[in-house]
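# Any chance you can model this:
(4 chains)
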Protein chains: 2
Amino acid sequence: MARLRRLVVERLMRYYRLLSDSNTKRKGPTVTSAEIAEALDIDPTQVRKDLGSIGIVGMGRVGFERCEVCRSIRASLGFDLEVESVLVGAGRLGSALLTYHGFSRYGLEIVAAFDNDRKLKGRKVAGRVIKPMQALKPFVEKHGIQLAIITTPAKVSQHLADRLVGMGIKAIWNFSPTRLIVPEDVLVRDEHISLGFAEISHHLAQLTEAQQQEES
Amino acid sequence: MARLRRLVVERLMRYYRLLSDSNTKRKGPTVTSAEIAEALDIDPTQVRKDLGSIGIVGMGRVGFERCEVCRSIRASLGFDLEVESVLVGAGRLGSALLTYHGFSRYGLEIVAAFDNDRKLKGRKVAGRVIKPMQALKPFVEKHGIQLAIITTPAKVSQHLADRLVGMGIKAIWNFSPTRLIVPEDVLVRDEHISLGFAEISHHLAQLTEAQQQEES
DNA sequence: GCGAAAACGTGATAAAAATCTCGTTAGCGG
DNA sequence: CCGCTAACGAGATTTTTATCACGTTTTCGC
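Predicted structure coming up:
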């Protein structure tokens, strides 16, 4: 299967969530691009193109087969692969991620957590003991871990990333607010919640400005 | 100040974080577009265009004034405005957000949290009492709250959004995995952590496939 | 002062993403 | 069985985003 562009992958995830959501009202065996588009506020053509890009063909007048769509997306996005990951940095955010088990439906499991904070040593979060950093390398290499989730402070992230790459990690889910420099065959996905706030803040600022103009 | 495109806003936030980060090595009074670009892996021209779009002019051979850049970005993104917000849904994620105080530097404050779960009633998170849902409307209207952060289950989100709009909310930071339908003057920012995982999962799937091809 | 180099600003170009148009196909009603 | 309509597929077009190329400005060294 071909490599897909990031935006396509993200939309496919949205289609998948929509269709696999049991909550969807009265679901027949098929679904049309227009229905998906309507639910997600996307252009119907876009939906057809995306589905077409992973080899799903629809039927004129009928639409797409729900099961087939789900199956194909699972295959393309690799949800059936059982990804074992480690989490590094068991602070607030790290703990929250450890406690959240909602990703198992996509094949993701956090199998161990590491932190070098003495206070956390031996403490359990969500039933898992936080291991010391010295244990990271042996663990990753022994289990052939491919994904690391990092929620450490910005200062140590790059150093950590270098170490992880050395251990054979192939993807990093980066929750620390820094850009990481890695070899190009390693994927880094940055998760920046503050970018979301920027959009909101700008919107509210625009609004406030408009109100002030009105008054004057 | 003109309304900015979403991607520009997001990049401005990244410039701001980079420049306002005291951690930056030996910072002089000025910074060049090339330096910013290098640090964030962006094209220098893009940086200049973005800064230009909010009225910052640089000096040939010297670059941009750090302070001026920070000040202008703060102004454009409205970080000096003190946004008071409410959080609805005090589950795992909601609690984590309540506990995190890192947004105060951007002017965001979560001034109250609401949840209709009986078990949470009266409980405190991060020093704040979780209020019952009946208290939401009076609170929002009394304090003129403009932003709501919602971390409720998908099923109730739309209903909640409708109510919030009726109370005069102008922006919703949506952490629930549903598209919300709102009037067009209300901004909804969706925060979908699972989209990030989709990218990672697809990358690992590609990798696995490549390895299998190699073997055969 | 003056030329060279570094950095900006901006119009032109390229690449990517989204949307539109229209021909084709499959089921439906009579 | 036949025309009609709903839905798809794909090429063409438009819009957005990113990059390039080049003229201008400013400092530095001589």
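# Let me see the ranges of the helices in chain A.
For chain A, the helices defined by DSSP state H cover A:6-20, A:33-40, A:44-53, A:66-77, A:92-99, A:136-143, A:154-167, A:193-215.
# low pLDDT regions in chain A?
Scanning chain A for pLDDT under 70 picks out A:22-26.
# Around DNA strand C, pick out the residues from it.
Contact residues (CB under 7 Å from any atom of the strand) of chain A with DNA strand C: A:5-7, A:42-43, A:45-46, A:49, A:59-62. To be clear about C-beta, it is placed using only N, CA and C from the backbone, and glycine gets the same treatment.
# Around DNA strand D, which positions in chain A sit nearby?
A:32-34, A:44-45, A:48-49, A:51-52, A:56-64.
# just checking, residue A:87 touches residue A:98?
Yes. Counting by CB atoms under 8 Å, residue A:87 touches residue A:98, with 6.2 Å between them.
# Who has more neighbours out of these two?
It is residue A:87, of residue A:87 and residue A:98, that has more neighbours when counted by other CB atoms under 10 Å in any protein chain shown, with 26 against 21.
# partners of the more buried one in the sheet?
Note on residue A:87: beta-bridge partners by DSSP bridges are residue A:113, residue A:149.
# list the contacts for it?
If you count contacts by CB atoms under 8 Å, 6 or more residues apart in numbering or on different chains, residue A:87 has them with A:94, A:97-98, A:110, A:112-114, A:148-151.
# How about residue A:170?
So residue A:170 contacts A:146-147, A:185-187, B:203-204, B:207 (CB under 8 Å, 6+ apart).
# In the residues you listed, find the pair that's most separated.
A:147 and A:185 (14.0 Å; CB to CB).
# For DNA strand C, what is the nearest residue in chain A?
The nearest approach of chain A to DNA strand C comes at residue A:60, 2.4 Å away (CB to the nearest atom of the strand).
# hmm, back to that, can I get the contacts of residue A:170 in JSON lines including neighbour count?
Listed next are the contacts of residue A:170 as JSON lines, based on neighbours: other CB atoms under 10 Å in any protein chain shown:
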{"residue": "A:146", "neighbour count": "21"}
{"residue": "A:147", "neighbour count": "25"}
{"residue": "A:185", "neighbour count": "9"}
{"residue": "A:186", "neighbour count": "18"}
{"residue": "A:187", "neighbour count": "19"}
{"residue": "B:203", "neighbour count": "24"}
{"residue": "B:204", "neighbour count": "22"}
{"residue": "B:207", "neighbour count": "17"}
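# ok, the residues you listed vs residue B:135, which is closest?
Nearest to residue B:135 among these: residue A:147, at 41.9 Å, using CB to CB.
# my read: the closest one touches residue A:172, true?
Yes. Using CB under 8 Å, residue A:147 makes contact with residue A:172 at a distance of 7.5 Å.
# The residue of chain A closest to DNA strand C: how many residues sit nearby?
Neighbours of residue A:60 (other CB under 10 Å): 5.
# swap in residue A:142?
Residues lying near residue A:142 (other CB under 10 Å) number 8.
# related to what we said a few turns ago, overlap in contacts of residue A:87 and residue A:98?
Residues touching both residue A:87 and residue A:98 (CB under 8 Å, 6+ apart) are A:110, A:113.
# State the distance from residue A:180 to residue B:146.
Look at residue A:180 and residue B:146: by CB to CB, to the nearest Å, they are 35 Å apart.
# now do residue A:170
43 Å.
# now swap in residue A:132 and tell me
Residue A:132 is 45 Å from residue B:146, by CB to CB.
# Next: residue A:136.
For residue A:136, the distance to residue B:146 - CB to CB - is 44 Å.
# How about residue A:128, nearest residue that isn't a chain neighbour?
In space, and not counting its chain neighbours, residue A:128 is closest to residue A:113: 5.8 Å by CB to CB, 6 or more residues apart in numbering or on different chains.
# show me what contacts the residue nearest to residue A:120 when sequence neighbours are not counted?
Using CB to CB, 6+ apart and skipping the chain neighbours, the partner closest in space to residue A:120 is residue A:130 (4.8 Å). Contact analysis of residue A:130 by CB under 8 Å, 6+ apart lists A:90, A:113-115, A:120-124.
# go with 7 Å
The contact partners of residue A:130, by CB atoms under 7 Å, 6 or more residues apart in numbering or on different chains, come to A:90, A:113-115, A:120-121, A:123.
# One more: residue A:44?
With contacts defined as CB under 7 Å, 6+ apart, residue A:44 is in contact with A:33-34, A:37.
# Just the buried residues of these.
Among the contacts of residue A:44, those classed as buried by 16 or more other CB atoms under 10 Å in any protein chain shown are A:33, A:37.
# Just the ones of the contacts of residue A:130 in strands?
Of the positions in these, A:113-114 sit in strands, assigned by DSSP state E.
# Report the buried members of the contacts of residue A:130.
Buried by 16+ other CB under 10 Å: A:90, A:113-115, A:120, out of those.
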